[in-house]
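> Build me a structure from this.
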Amino acid sequence: MMEDTRISKCLIKDFEERPSVTHLLEHPFIKQVHGKDMALQKQLAELIREQQQLGSIAKTRHERIHTRRPYHVDAADKYSLDDDLVNLEVLDEDTIIHQLQKRYADLQIYTYVGDILIALNPFQNLSIYSPQFSKLYHGVKRSSNPPHIFASADAAYQSMVTFSKDQCIVISGESGAGKTESAHLIVQHLTFLGKANNRALREKILQVNPLVEAFGNACTAINDNSSRFGKYLEMMFTPTGAVMGAKISEYLLEKSRVIKQAVGEKNFHIFYYIYAGLYHQKKLSEYRLPDKKPPRYIDNETGRVMHDIVTKDSYGRQFEAIQHCFRIIGFTDEEVYSVYRILTGILNTGNIEFAAISSQHQTDKSEIPNPEALDNAAALLSIGSEELQEALTSHCVVTRGETIIRTNTVDKAADVRDAMSKALYGRLFSWIVNRINTLLQPDKNICNAENGMNVGILDIFGFENFARNSFEQLCINIANEQIQFYFSQHIFALEQMEYQSEGIDAITVEYEDNRPLLDMFLQKPMGLLSLLDEESRFPQATSLTLVDKFEDNLRCKYFWRPKGVELSFGIQHYAGKVLYDACAFLEKNRDTLPADIVVVLRTSENKLLQQLFSSPLTKTGNLAQARTRVTAASRSLPPQLSAGRIKVDTMEVMRHPEETTNMKRQTMASYFRYSLMDLLSKMVVGQPHFIRCIKPNDDREALMFSHERVLLQLRYTGILETVKIRQKGYSHRILFEEFVKRYYYLAFKAHEAPLGSRENCLAILERSKLDNWILGKTKVFLKYYHIEQLNLFLREVIGRVVVMQAYIKGWLGARRYKKVREKRENSAVTIQSAWRGYEARRKYKEIKNRRTDAAIHIQAAFRGYIVRKNYTRLKSSTGCVADPQLTSSCSTSDFGCEEHWQQTSSQHSPVVPEFLDKQTKKKDLDEISASPFILKHSFEVNDSPSISQSQSVADHQLSSPSRSHEKGGSENCLEQKLRTPRRRCQQPKMLNSPEDNMYYNQLNGTLEYQGSKRKPRKLGQIKVLDGEDEYYQSLSVAESIPEDDSFLSSPSPPSSRAKQDSQSDKSSPGCCEYQRPGSSSGPELKVTELREGLHVSCVLALELLREKADKSF
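Residues are numbered from 1 along each chain as shown. Sure thing, here's the model as predicted:
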């Protein structure tokens, strides 16, 4: 019943309620299983087989559990004890071989040895590398899923992110074991894990391996896609784990494959790809390639090369894939075109043949009988054919300041041709790698490269043992010896050394140490490579003298010389005995490129080719990054080779070939030595993760497991010893300080800073409830699975902290949002209040101005009414008392004026008097001011005839008032004089000049001049014309009459003038308003209105004089 309760708790979905694995392991039911592992495994296996035979029962729709994970691992594929060889109770070779064979038959090609992955090549495509599997192996416990290469990549990635330390994944194994494909899969999964916002960068990184392998891989006798160079790919990540760039380091390209291949092997893939692509594009003639017979460099003994190029679709597809890679990574069309021309130029260079010619003085001279291949190569390389021929068939020797030209023999010329082809291809490959690194370098705006972290992936050529092994196989096997030594040191030697130094009583595991063999190869001055360099410096040295020197100096158990074979020697490698053929060892090690070839190639018009031979080589033999642009001087020829070309100073050219060629006697052995040093310096920086690739058979057949072949590989790779040391040893040794710094969250509070002491480490381990750990003097010794458990516990704790932080941050964010929202609302209220206040003040000002204007109008109307009323009363009650002369002149003028007014008024409508009377009662009338100021101003005009005339008229009116009463209609005539005809609803006269404003201000007691701010004239206010007023002077009848009015240009009879007045009055209802000439409305002041205004002014002035005279009497 207790067990059922515990199991039921385990099935609870809520992870907070169900017990953890550590609590389950403490249960008595689980503890009693100890010692019965094998029996229980058999029972479980039988139960699984029975369930498989019965078949899976289909669930109904409601019984299915839908999860977000798109891929579901079946129960049979779940992690079992067989997934890790460390769990085996019996550790021997037969048990391990049986376990691997059983898993391989079930297509379970991956198996763990602790934290090391064993990968068997299936020789077929498996559907276990899709994006669904990438999601399945993302940040989960390793035992949650079957062994997979994605799990190893995820472990490296998680360690990099968790510990902020560089990682290194070392892939080793024989040629054909699947190292290159494993490297592809690791890059694929790391790209998935380090998802960045830049999708183009991820695409570029994924296209790097196919492009580099097309130029660096070839078909060999045991592998159709064998890496002929060493590649170390560094993927760069930000501190948060996002991929930000990549960098490739290439080592020891097998350049000799360009000019010659062994039987059953082929040249580099790119030559076949480009030939097939140009053939299908019908561009062979453009690149000077034949369509019947293949070039010598790619031809073989079968004679089926052209047939395969034409018929195989794979070559054409690969060419399109290479073009796609170039385009995605970022190569320009001009660069790709230059690469194609150099590649086809190499193929045409191989077709150049030499023939010996004899003369009277020389018998070792060579020539080129068929210049077609020479012309084709020179045209594709954009150099002169004559210069190229001269450089191939002769060479310059400088002796005591003199330049001597010596001819080359046929063999020497062929060697120069082949050396030129190898140099072209090797430097082109280095340039492509450097260009990829430039295009994939991290963006400084995203993250600085120094702040990022790297995951290095080593994919190097595997151990090789052919029927005939040459200098290339020797270098490859020495590199594999170095990788095996690195593995042994990290797994066995360093671990056991720390056991002794820390006082740990642990089992000692015997292993094969290959350090003496490496010393035999690499030590100075008596190592094999040092002896090879020494012998290469002697011009008369031969392959036989080289083997003799090896035999005399390499006296150890790892070297032997077979009997009966003079030019061979044998080496006992860690993977077995290998017999090497010493022929051409010296020539390949020298790798001499004449300076004449370098100088000729610098004259090329191809910018890429100029760059290839203008940049120096590094210590590893690779092309250095271009530092300066190639100038005209650096492309010029020396005098002896500049026939038909412009001669330029060539001091730099003569110096630079010394730097960029082997004139300093840099050999392939020295390049190889520096390459190994550089590679190891990069590997030791990061924490290593090992993947051991196993080749199940030599026939490359699927599901074929060769017991002997696999056993041999397990022996020399030390898998059995690795299983033992992982089972009994402690793979992780961490200092106390670092251990506490990593995992103090598990036993201490977050704000605490515990010391890196033994007691604190013990507290963390006890709190984590781990077992089988040991504390040394300064380090914590853990099993390989302890780190994973601790990381999971730490992730769980940090996950809870993250949840709490998320809630706190959410609460703080909500509070900040409320504050911001309230602030915004208050701001909106403030803005609205300010706007409403502004609007209210603006409306108030409008209302106030309107009321003021209304009051002014009312006051003006009332004052006008009072003035007219007083004037009427004054006119009716008083008589005219004046001087007789003044009376007579006044009466005469008055009579003429009245006569004229009668004529003018007769032209108007008979309803005008009644209309004016209504206007007087209802509308605003002009205000007549009786101020002495008007009188003063009215008499200041001395030269105005109109004023004199008006004065005489006024005197006449005052002297004979009885005449005006006796005349019929004289009273109506006087009212007409005082009134200006105006229609109903017509606005009063407005002030339209600065003088009007000044006058208005003077009337109101203010002398402040207000400029152009014109205010309307108050009703009843009349402006007396000033002699200095140009505007009103221009309106005078006597002096200034507008030229555009025809009726004012010449005097006309009163009748016609009145008729014109009536017509203009009808056409312009606002003609009674004062307006400036040239205004938008443009009506002119009528003569009648002007005379009426002048007459009224004079009359008022005379009345004021009369009142003054009466007061004086």
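> need the strands for the stretch 651-800 of the chain, in chain order.
687-694, 732-735, 774-775, 779-782 (DSSP state E, counting those that start in this stretch).
> will you turn those into a markdown table that also has distance to S152 and mean pLDDT?
For the C-beta atoms, the positions are set from N, CA and C on the backbone; glycine is no exception. Converted to a markdown table, these look like this (distance: least, C-beta to C-beta, whole Å; pLDDT from 0 to 100):
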| stretch | distance to S152 | mean pLDDT |
| --- | --- | --- |
| strand 687-694 | 6 | 94 |
| strand 732-735 | 16 | 88 |
| strand 774-775 | 26 | 90 |
| strand 779-782 | 19 | 91 |
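> Check the contact between N437 and E234; I expect there is one.
No: N437 lies out of contact with E234 (C-beta atoms under 8 Å); the separation is 9.6 Å.
> distance of K809 from E796?
Distance of K809 to E796, computed by C-beta to C-beta, to the nearest Å: 20 Å.
> show me what contacts the spatially closest residue to T344 that is not a sequence neighbour?
Using C-beta to C-beta, 6 or more residues apart in numbering and skipping residues adjacent in sequence, the residue nearest T344 is Y287, 4.1 Å away. The contact partners of Y287, taken as C-beta atoms under 8 Å, 6 or more residues apart in numbering, are L278, Y340, R341, T344, L380.
> how does it look with 10 Å?
Residues in contact with Y287 (C-beta atoms under 10 Å, 6 or more residues apart in numbering) are 274-275, 278, 340-341, 343-345, 347-348, 376, 379-380.
> before we move on, which element is it in?
In the assignment (DSSP states H and E), Y287 maps to no helix and no strand.
> And the pLDDT at it?
pLDDT, Y287: 94.
> Okay, buried residues for stretch 743-763 please.
Y743, Y744, Y745, L746, A747, F748, P754, N760, C761, A763 (16 or more other C-beta atoms under 10 Å).
> My read is that C219 contacts Q261, right?
Yes: counting by C-beta atoms under 10 Å, C219 does reach Q261; the two are 8.9 Å apart.
> got any residues that touch both of these two?
With C-beta under 10 Å, 6+ apart as the test, C219 and Q261 both reach N267, F268.
> Enumerate the positions of the helix or strand harbouring R317 that are buried.
In this assignment (DSSP H and E), R317 forms part of helix 313-329. By 16+ other C-beta under 10 Å, the buried positions in helix 313-329 come out as Y315, G316, Q318, F319, I322, Q323, C325, F326, I328, I329.
> Stretch 564-576 now?
S568, F569, G570, I571, Q572, H573, Y574, A575.
> so which of those residues would you say is closest to F521?
I571 (8.6 Å; C-beta to C-beta).
> Contact partners for the closest residue to D224 other than its chain neighbours?
In this structure, D224 finds its nearest non-sequential neighbour in R700, 7.9 Å apart by C-beta to C-beta, 6+ apart. By C-beta under 10 Å, 6+ apart, R700 lies in contact with N121, F123, G176, I222, N223, D224.
> if we can go back for a sec, mind listing which of the buried residues of stretch 564-576 are in strands?
S568, F569, G570, I571, Q572, H573 (DSSP state E).
> partner residues bridging the third one?
It refers to G570. Beta bridges link G570 to W560, L579, judged by DSSP bridges.
> List the buried residues for stretch 675-694?
675-676, 678-679, 682-683, 686, 688-694.
> oh, I was asking about stretch 379-388
Buried, per 16+ other C-beta under 10 Å, within stretch 379-388: A379, L380, L381, S382, I383, G384, S385, E387, L388.
> Excluding sequence neighbours, find me the nearest residue to the first one.
Pointing back at A379 there. R288 (6.6 Å).
> For that neighbour, the count of nearby residues, please.
19 (other C-beta atoms under 10 Å).
> check contacts around A39.
V33.
> Can you classify it by secondary structure?
Under DSSP: H, G, I helix; E, B strand; the rest coil, A39 falls in the helix class.
> What separation do you get for it and R400?
91 Å.
> got it, and E472?
Distance of E472 to R400, computed by C-beta to C-beta: 40 Å.
> neighbour count winner among these two?
Between E472 and R400, counted using other C-beta under 10 Å, the more crowded position is E472 (20 against 5).
> Correct me if wrong: the more buried one contacts R257.
Yes: at 7.9 Å, E472 counts as touching R257 under the criterion of C-beta under 10 Å.
> Which neighbours do these two have in common?
Common neighbours of E472 and R257 (C-beta under 10 Å, 6+ apart) are R228.
> This protein - how does it break down into domains?
3-53, 86-259+344-380+410-464+685-726, 732-852 (the TED database).
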